[in-house]
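> Sequence first, predicted coordinates after that:
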Amino acid sequence: MKKVNITIIGTINKDTIILPDKKTIKSFGGILFNILSLSYLGGEKAKLFPVCNLGYDVFPEVKGHVKSLTNVNPSGITKVKNKNNHAFLYYDKTGDRKEILKNSVPELTFQKIKPFLKSDVLLVNFISGFDLSLATLKRLRKDSNALIYTDLHSLTLGIKKNGQRFLRAPPRWKEWVSQTEILQMNFFEFLTLAKKRLKTLNEIKDFGSEILNLGVRFVLVTRGEKSGYFIYREKNEVGIKRIKVPKIKKVKDTTGCGDVFSAAFILSYLNGKKPQKAFEIANFTATQKCKFSGIENLGKLKNFKDKIF
């Protein structure tokens, strides 16, 4: 695999994680999970270009996390006058979570992202849901030849006056989705777009087909510890496959698992793995992240590079 350039677009969060046993973990999240996961898994075969606005209150500390990573170019990380996004994540025993967001950095403009459009992949991760506008995303699609991989994530979240997030289908969601080639979301987000219960595999496939008809190449639907769904089109026929998730004895913290998933999928796919196999590798790698909390232990992902390369 030749060295690949990956632009990572989104927001870095300050995270306060409250686990079911009331233990509190303070860390950073958002696209910092993407940056570190891609860095550790990609090694010398990947060059990373994160693009985000970062609050003045966390700028020195976050830059400290990336300055030692030789495969990361941090020039797209911009210090702003706002306090940084601070997400409070409350998990229950089932793994579900309540999120409350405080503070907000400005959305990214096209001019801020423009210098990084010549990458092989643009990874767009909606961390706040207002990381960039639809008009900016359309400009990215129009002006770049890169593969666009989108993690829908918080684009499906509304926000109350107190900062609490709630699931809802984003306005004009079909326009948002039509700008990407590979679309990642969890099953709750998938159902939120559908605006109805999908009980059978055929019903899931049919809604996946609607998304593919918007120009999306693959739909990757994750389901936590349950088998995910890989939805694709082959020879004008829509297909769906269940992709199993490895069992682990104890789940400690699922924060960042979706970001580890996207890192492993992108690198595996660019390395020539078939998309279904890349999904399997991504599931395995994301499962390993469930065993620990925060960004501080992400270096353990280096142990799984052989799965990708």
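Structure received.

> can you give me the helices in the stretch 51-200 of the chain?
59-66, 110-113, 134-143, 173-177, 187-194 (DSSP state H, counting those that start in this stretch).

> Tell me which of these lies nearest to residue 79.
When the helices of the stretch 51-200 of the chain are compared by CB to CB, helix 59-66 sits nearest residue 79, at 4.6 Å. Where C-beta positions appear, they are placed from N, C-alpha and C, glycine not excepted.

> Among the helices of the stretch 51-200 of the chain, single out whichever gets nearest to residue 203.
Comparing those by CB to CB, helix 187-194 comes nearest, at 8.6 Å.

> on that earlier part again, as CSV, the helices of the stretch 51-200 of the chain with distance to residue 8, mean neighbour count and mean pLDDT would be great.
CSV is the format used below for the helices of the stretch 51-200 of the chain (distance: least, CB to CB, whole Å; neighbours: other CB atoms under 10 Å; pLDDT from 0 to 100):
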stretch, distance to residue 8, mean neighbour count, mean pLDDT
helix 59-66, 11, 15, 94
helix 110-113, 11, 17, 98
helix 134-143, 13, 16, 98
helix 173-177, 18, 18, 98
helix 187-194, 20, 19, 96
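
> Spell out which residues sit in contact with the spatially closest residue to residue 143 that is not a sequence neighbour, please.
Nearest residue to residue 143, sequence neighbours excluded (CB to CB, 6 or more residues apart in numbering): residue 117, at 5.9 Å. By CB atoms under 8 Å, 6 or more residues apart in numbering, the contact set of residue 117 is 7, 140, 143-144, 146.

> separation between residue 117 and residue 144?
As judged by CB to CB, to the nearest Å, residue 117 and residue 144 stand 4 Å apart.

> Please apply the same query to residue 121.
Taken as CB to CB, the span from residue 121 to residue 144 is 10 Å.

> ditto for residue 182
Residue 182 is 14 Å from residue 144, by CB to CB.

> so how far is residue 260 from residue 137?
According to CB to CB, residue 137 and residue 260 sit 24 Å apart.

> same check, this time on residue 222
The gap separating residue 222 from residue 260 is 11 Å, by CB to CB.

> Next, show the common contact partners of those two.
Contact with both residue 222 and residue 260 is made by residues residue 286, according to CB under 8 Å, 6+ apart.

> Quick check: residue 15 touching residue 255?
Yes - if you go by CB atoms under 8 Å, residue 15 and residue 255 touch, sitting 6.8 Å apart.

> hey, what's in contact with both of the two?
In contact with both residue 15 and residue 255: 29, 89, 294, using CB under 8 Å, 6+ apart.

> Residue 121 and residue 144: who's more crowded?
residue 121 (22 against 17; other CB atoms under 10 Å).

> Identify the residues contacting residue 147.
Neighbours of residue 147 in contact, by CB under 8 Å, 6+ apart: 120-122, 181-182.

> Compare those residues and tell me which has the most neighbours.
Across these, the neighbour count under other CB under 10 Å reaches its highest value at residue 122, namely 26 neighbours.

> if you look at the contacts of residue 147, which of them are in strands?
121-122, 182 (DSSP state E).

> of those, closest to residue 216?
Among the ones in strands among the contacts of residue 147, residue 182 lies closest to residue 216 (CB to CB), at 7.4 Å.

> which non-adjacent residue is nearest the closest one?
Nearest to residue 182 is residue 149, by CB to CB, 6+ apart, at 4.4 Å.

> In contact with the one you found, which residues?
121-124, 180-182, 184, 262, 265-266.

> The residues you listed into CSV, with extra columns for pLDDT and distance to residue 204?
As requested, the contacts of residue 149 are exported to CSV (pLDDT from 0 to 100; distance: CB to CB, whole Å):
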residue, pLDDT, distance to residue 204
121, 99, 27
122, 99, 27
123, 99, 25
124, 99, 24
180, 98, 19
181, 98, 20
182, 99, 18
184, 99, 15
262, 98, 21
265, 98, 19
266, 98, 24
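
> Quick check: the gap between residue 226 and residue 252.
Remark: distance between residue 226 and residue 252 (CB to CB) = 18 Å.

> more neighbours, these two?
Comparing residue 226 with residue 252 by other CB under 10 Å, the one with more neighbours is residue 252, at 15 against 11.

> quick one: contacts for that one?
290-293.

> what's the closest of these to residue 159?
The closest of the contacts of residue 252 to residue 159 turns out to be residue 293 (CB to CB; 24.9 Å).

> Okay then, goodbye and thanks.
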